[in-house]
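S.K.: sequence and predicted model, in that order:
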Amino acid sequence: MQAFEAVQQYFNKAADQLDMADSMRTVLLTPNREVRVQVTVERDNGMVDTFIGFRVQHNSARGPMKGGLRFHHEVDLDEVRALASLMTWKTAVVDIPYGGAKGGIAIRPREFSRVELERVTRKFIDAIHDVIGPDSDIPAPDMGSNAEVMAWIMNQYGKYHGFNPGVVTGKPVELYGLRGREEATGRGVGILTLKLLKRIGKNPIGCTIAVQGFGNVGLHAAKFLREADAKVVAISDVSGAYYDEAGLDIMHAIRYSNLHERSLKGYEGAELITNEELLELDVDVLIPAALGGVISEENAAQVKAPIIIEAANSPVTPAADAILDEKGVHVLPDILANAGGVTASYFEWVQNRQYYNWTLDRVRGELDRVLSQAFESTWELASQHKVSLRTAAFMLGIQRVAKAVTLGGVT
Ligand SMILES: NC(=O)C1=CN([C@@H]2O[C@H](COP(=O)(O)OP(=O)(O)OC[C@H]3O[C@@H](n4cnc5c(N)ncnc54)[C@H](O)[C@@H]3O)[C@@H](O)[C@H]2O)C=CC1
Ligand SMILES: O=C(O)CCC(=O)C(=O)O
């Protein structure tokens, strides 16, 4: 199943609960604009390479469209469309004044030098600068991109439209970025994991956790949960998965990764297993924090964790979701679980517009407040309607967007 079709299935399940009219479903599911551009750059060796870049602006009923920029070789229009629509529901679930967008470039970033990536980023912005802006569409980091890429975006956009740090979030702290943005998605995953554990009466202390992906999101989720005295028994990245039933020393793994260009390859002191095996470990909480579609109908029945926190976007396919639901697994959906990132991006944008820097304490406190509220509203809806947390989160998000569409008028 294609990625956008999967999101549509989740959407329609929630829309059915809300008795939403077909005409409104069509309004909400149809992206506002889809941009596909050629990005041609010269490599360091003098050869010329061409990539395809996308920006999908899904919905702006609740405010400027917001969403990350993914650098990954599997990026295509359908995936970006799906991710953009998730952003629309996500910003609504946490009730921040944004719509949804997403971008991507089909590239293997690790095979390019820093200078080459800078050229690619600037060329991409040359092609899309007219459709982004602090009041229209605000990019941010996603898989394969980072704060440095965001700094290049700010700089390149400024060449056309004048200096404006609010055009992009997730920038380096030294360049109008927000203290705490980098940790925010993983921290949010941690905060929400603790909330869910509490709700189902489980003590987080000693709780066993497996995290797939040790990038921006997975690393900070593992760190936060370790600091909360949970036992992180497995972590992974593209090089493989690392397992120790006694619990891993996460700070040691972070130091190792930092010393090895953000890679765990060769990490010792843990058993090397595969990423597929990690997903099937007998743990209390499984946190997929890398790619989409990793839990599918092929492996869902073998997943043993009674709790799955979707730190990645779309890690569970609809067919797998049905199997997990049947088994009574609690799945905290992406549009809530990883919403800490876009929430902190919103704080950064506010900071940029006011030219007034937030303290880390303020960022953490407000992040906790926004996520807690979204979690409680979702939990309440799920209990009221006897639906899964995913359907409840979609209900919360799509009814807020539908309300904005109705209030704003469609003609
Ligand atoms: N960065 C952010 O603020 C947000 C990210 N997300 C989502 O979280 C997920 C991870 O994003 P980031 O941590 O930012 O990306 P990242 O690029 O910083 O890290 C990705 C991690 O996944 C690993 N990985 C890549 N391919 C893999 C594979 N086939 N098997 C196992 N591991 C693999 C990489 O080695 C790396 O450790 C993505 O789905 C992204 O859309 C969601 C919300 C916000
Ligand atoms: O921080 C942002 O604006 C967007 C983050 C993002 O792309 C996501 O939540 O999937």
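M.R.: Structure received. Ligands and ions are numbered 1, 2, ... in the order given.
S.K.: near ligand 1, which residues of the stretch 1-150 of the chain show up?
M.R.: When proximity is defined by C-beta under 6 Å from any ligand atom, the stretch 1-150 of the chain lies next to ligand 1 at 68, 141-144. Placement of C-beta: from N, CA and C, glycine included.
S.K.: of those, which is the nearest to ligand 1?
M.R.: Nearest to ligand 1 among those: residue 143, at 3.8 Å, using C-beta to the nearest ligand atom.
S.K.: for the closest one, which non-adjacent residue is closest in space?
M.R.: Leaving aside its sequence neighbours, residue 143 sits nearest to residue 70 (C-beta to C-beta, 6 or more residues apart in numbering; 5.0 Å).
S.K.: what's the burial count for that neighbour?
M.R.: 24 (other C-beta atoms under 10 Å).
S.K.: any part of stretch 310-325 near ligand 1?
M.R.: Yes. Using C-beta under 6 Å from any ligand atom, stretch 310-325 reaches ligand 1 at 311-313.
S.K.: now stretch 181-197
M.R.: Yes. Stretch 181-197 is in contact with ligand 1 by C-beta under 6 Å from any ligand atom, via residue 185.
S.K.: where do the strands sit along this structure?
M.R.: When assigned using DSSP state E, the strands of the chain occupy the ranges 33-42, 48-59, 65-71, 99-105, 137-141, 208-212, 231-237, 240-243, 271-273, 285-288, 307-309, 330-332.
S.K.: angle of the longest one against strand 33-42?
M.R.: If you take axes from the mean of the first three to the mean of the last three C-alpha atoms, to 10 degrees, strand 48-59 sits at 160 degrees to strand 33-42.
S.K.: now swap in the fourth one and tell me
M.R.: When the same axes, to 10 degrees is applied, the directions of strand 99-105 and strand 33-42 differ by 30 degrees.
S.K.: from the contact counts, what lies against strand 99-105?
M.R.: strand 48-59, strand 65-71, helix 77-93, helix 114-128, strand 137-141 (3 or more C-beta pairs under 8 Å, 6 or more residues apart in numbering; DSSP states H and E).
S.K.: what strands line up against it, and which way round?
M.R.: strand 48-59 (antiparallel), strand 65-71 (parallel) (DSSP bridges).
S.K.: give me whichever of those strands is most buried.
M.R.: strand 65-71 (a mean of 28; mean count of other C-beta atoms under 10 Å).
S.K.: ok, now which ones touch residue 370?
M.R.: If you count contacts by C-beta atoms under 8 Å, 6 or more residues apart in numbering, residue 370 has them with 94-96, 343.
S.K.: now with 6 Å, please.
M.R.: By C-beta atoms under 6 Å, 6 or more residues apart in numbering, the contact set of residue 370 is 94, 343.
S.K.: tell me the phi and psi of the residue of the chain positioned farthest from its centre?
M.R.: Distance from the C-alpha centroid of the chain, by C-alpha atoms, centre = their mean, peaks at residue 46 (35.2 Å). Residue 46 adopts backbone torsions of phi 90, psi -10, taken as degrees, to the nearest 10.
S.K.: OK, contacts around it?
M.R.: Taking C-beta under 6 Å, 6+ apart, we find residue 46 in contact with no residue.
S.K.: okay, the helices and strands packed on strand 99-105 in JSON lines with mean pLDDT next?
M.R.: Shown next, in JSON lines, are those (pLDDT from 0 to 100):
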{"stretch": "strand 48-59", "mean pLDDT": "98"}
{"stretch": "strand 65-71", "mean pLDDT": "98"}
{"stretch": "helix 77-93", "mean pLDDT": "98"}
{"stretch": "helix 114-128", "mean pLDDT": "98"}
{"stretch": "strand 137-141", "mean pLDDT": "98"}
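S.K.: let me know which of those is the nearest to residue 41.
M.R.: Nearest to residue 41, of all these, is helix 114-128, at 4.3 Å by C-beta to C-beta.
S.K.: report all helices and strands that that closest one contacts.
M.R.: If contacts are counted by 3 or more C-beta pairs under 6 Å, 6 or more residues apart in numbering; DSSP states H and E, helix 114-128 sits against strand 33-42, helix 147-161.
S.K.: give me the number of residues near the closest residue to ligand 1 within the chain?
M.R.: Relative to ligand 1, the nearest point of the chain is residue 215 (1.7 Å; C-beta to the nearest ligand atom). Neighbourhood size, residue 215 [other C-beta under 10 Å]: 20.
S.K.: phi, psi of it?
M.R.: Backbone torsions of residue 215, given as degrees, to the nearest 10, read phi -100, psi -150.
S.K.: tell me the contacts of it?
M.R.: The contact partners of residue 215, by C-beta under 6 Å, 6+ apart, come to none.
S.K.: per-residue pLDDT, it?
M.R.: pLDDT, residue 215: 96.
S.K.: who touches whatever residue of the stretch 1-150 of the chain ends up closest to ligand 2 in this structure?
M.R.: Using C-beta to the nearest ligand atom, the closest approach of the stretch 1-150 of the chain to ligand 2 is made by residue 68 at 2.6 Å. For residue 68, the contacting residues are 140-142, by C-beta under 6 Å, 6+ apart.
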